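Peer 1: Just a sequence and a predicted model for now, questions to come.
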Amino acid sequence: MSTTNPPNESPPRSFPADFLWGTATASYQIEGAVDVDGRGPSIWDTYSHQPGAVWNGDTGDIACDHYHRMDQDLDLMKELGVGSYRFSVAWPRVQPDGKGPANQAGLDFYRRLVDGLLKREIEPTLTLYHWDLPQPIEDEGGWCARDSVERFGEYVDIVARALGDSVERWITLNEPWCSAWLGYGAGRHAPGVKDIGKAVAATHHLLLAHGTALPILRSAIPDAKVGITLNLGVSRPGTTHELDLAAARRADGNLNRIFLDPVFKGHYPEDMLDHYKANLPGFSVVQDGDMDVIAQPLDFLGVNYYFPGTIMDSTRVKEARAAGYGVPIGEQFPDLRVLSLETPGTDTTSMGWEVDASGLTELLVRVKNDYTELPIYITENGAAFDDYVDPNGHVLDHDRVSYLEEHISAVHDAIKADVNVQGYFVWSLLDNFEWSYGYSRRFGIVWVDFPTGTRLPKASFSWYANTIRNNALTYSTSGGD
């Protein structure tokens, strides 16, 4: 466990007066209404309906029914006291075919959402792409095809002109690593492709789409604050053996540097260019001028963090076991020759992710030192646990309270180390459709009874509201045993 969590008798850890507290969701995970008011199909509609793709055959057809329960959810946010709500726009709700004129009913939904937030004095933070690519674009090659970049730019222009008068903070992409590497590399996310060369090509086209969106947003909204959200991590070598050090470097290259280097330095890491040179189309899709587009200046960086990784070379299974590590069966990307190990004695979430908040501080300091001093927002952080409603009608999710307390404390440590962290968004407001895990994993600070749609704030909801109200960690309400 992390040592960043002081004992209960410690004084409050106060945050800067203008620190932004928020919560976050994503369109396909909560909206439902997948065939309502002109919305077209996305790759996740297609993928989730494939037999065996998602746990229990779950789909996002209804999800949390946020499309019809928006006001109720906005009232929950008002009760929570957040200063901002991070949501994503569903591209196929705005452009059912991924191109052509806007679907006005789709834009009207997001206009109601934005107006409802502003009425409750909550700032909208809008994510333009959180994985729901229109299926017709995937049919033409998806993110492996360069044409998708132009299509994305047209979509961005529509949304910017429709909502730019009321939204200041814009995020181009959410976690492009997941879109590229889980969607096109491992085949565990939509569209379910297993091709490393296509994953590399998708990486580049996603980053190019991000860069293409920047001048469009700034032209339509001169005062816009624009960033990108990356899921970043810490890859710690399990031993000091040279093979394990090299494996940790490869893991870091695939997860972190292959995105951070182009965005902030204008080039891909040499070791990653070399590693993937035989995987076609791969980096052969890069054209002259692309890197200048990708590396345009940003206003902030969004960081999503959940857990660190302990890494050893995949040829050293015997040594990993001898060192006391748990060794999962199989490798997600065999070409990386990486074992992501289980550390004995470390608490885990129901996702199997290790709980270690010190990795968040380590990551934030590294980003500042190696890449940028721009404002950073923690745009996602949270945990899934096996929550249940007790006989008294309460969800006493003390494990989640402990997780959030430790990780918010880690953010405080980073601020003390001069990292320019300006906000924190808990993932997630609601239990929701957790991608390939369906409804079997609950990340919300609000319980959702999926058969009825009933919402029930958990103990973590009250704890987070108290933290926001105090603008500090007081530890007085922790239920984290």
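Peer 2: Noted; the coordinates are in hand.
Peer 1: G238 versus the residue located most distally from the centre of the chain, what's the distance?
Peer 2: Distance from the C-alpha centroid of the chain peaks at A322, with 34.6 Å (CA atoms, centre = their mean). A322 sits 11 Å away from G238, going by CB to CB, to the nearest Å. Any C-beta I mention is one placed from the backbone N, CA and C, and that applies to glycine too.
Peer 1: Let me know the distance separating the residue farthest from the centre of the chain from G60.
Peer 2: 44 Å.
Peer 1: just V293 next, same as before
Peer 2: V293 is 32 Å from G60, where distance means CB to CB.
Peer 1: N304 now?
Peer 2: Using CB to CB, we find N304 at a distance of 20 Å from G60.
Peer 1: Neighbour count for the two, which is higher?
Peer 2: G60 (28 against 22; other CB atoms under 10 Å).
Peer 1: What are the phi and psi values at the nearest residue to P334 once chain neighbours are set aside?
Peer 2: Spatial nearest neighbour of P334, chain neighbours left out: S314 (7.4 Å); criterion: CB to CB, 6 or more residues apart in numbering. Note on S314: its backbone torsions stand at phi -70, psi -10 [degrees, to the nearest 10].
Peer 1: So what's the predicted local confidence for S314?
Peer 2: Listed pLDDT for S314 reads 96.
Peer 1: Equivalent analysis for P328, please.
Peer 2: For P328, pLDDT reads 86.
Peer 1: same thing with the one 3 residues further on?
Peer 2: The confidence metric pLDDT takes the value 83 at E331.
Peer 1: do the one 3 residues further on as well
Peer 2: At P334 the predicted local confidence, pLDDT, stands at 93.
Peer 1: and if you look at G309?
Peer 2: We have a pLDDT of 96 for G309.
Peer 1: just checking, it touches L339?
Peer 2: No - using CB atoms under 8 Å, G309 is not in contact with L339; the gap is 9.8 Å.
Peer 1: how about the strands in the stretch 251-400 of the chain?
Peer 2: Using DSSP state E, counting those that start in this stretch, the strands of the stretch 251-400 of the chain run over 300-304, 309-313, 338-341, 376-380.
Peer 1: For those, give me a markdown table that also has distance to I258.
Peer 2: Below are the strands of the stretch 251-400 of the chain laid out as a markdown table (distance: least, CB to CB, whole Å):
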| stretch | distance to I258 |
| --- | --- |
| strand 300-304 | 15 |
| strand 309-313 | 15 |
| strand 338-341 | 14 |
| strand 376-380 | 19 |
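Peer 1: Nearest to S358, out of these?
Peer 2: With CB to CB, the closest approach to S358 among the strands of the stretch 251-400 of the chain belongs to strand 309-313: 12.8 Å.
Peer 1: which residues are in contact with the closest one?
Peer 2: Residues outside strand 309-313 that contact it (CB atoms under 8 Å, 6 or more residues apart in numbering): 233-239, 241, 243-244, 246-248, 251, 319-320, 325, 337-343, 354.
Peer 1: Using PDB, write down the CA coordinates of it.
Peer 2: Written as PDB, here are the backbone C-alpha positions of strand 309-313 (Å, rounded to 0.1, in the frame of the first residue of the first chain):
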ATOM      1  CA  GLY A 309       3.200  -1.800 -13.200                       C
ATOM      2  CA  THR A 310       6.000  -4.100 -12.100                       C
ATOM      3  CA  ILE A 311       7.800  -5.400 -15.200                       C
ATOM      4  CA  MET A 312      10.200  -8.200 -16.000                       C
ATOM      5  CA  ASP A 313      11.300  -9.700 -19.300                       C
END
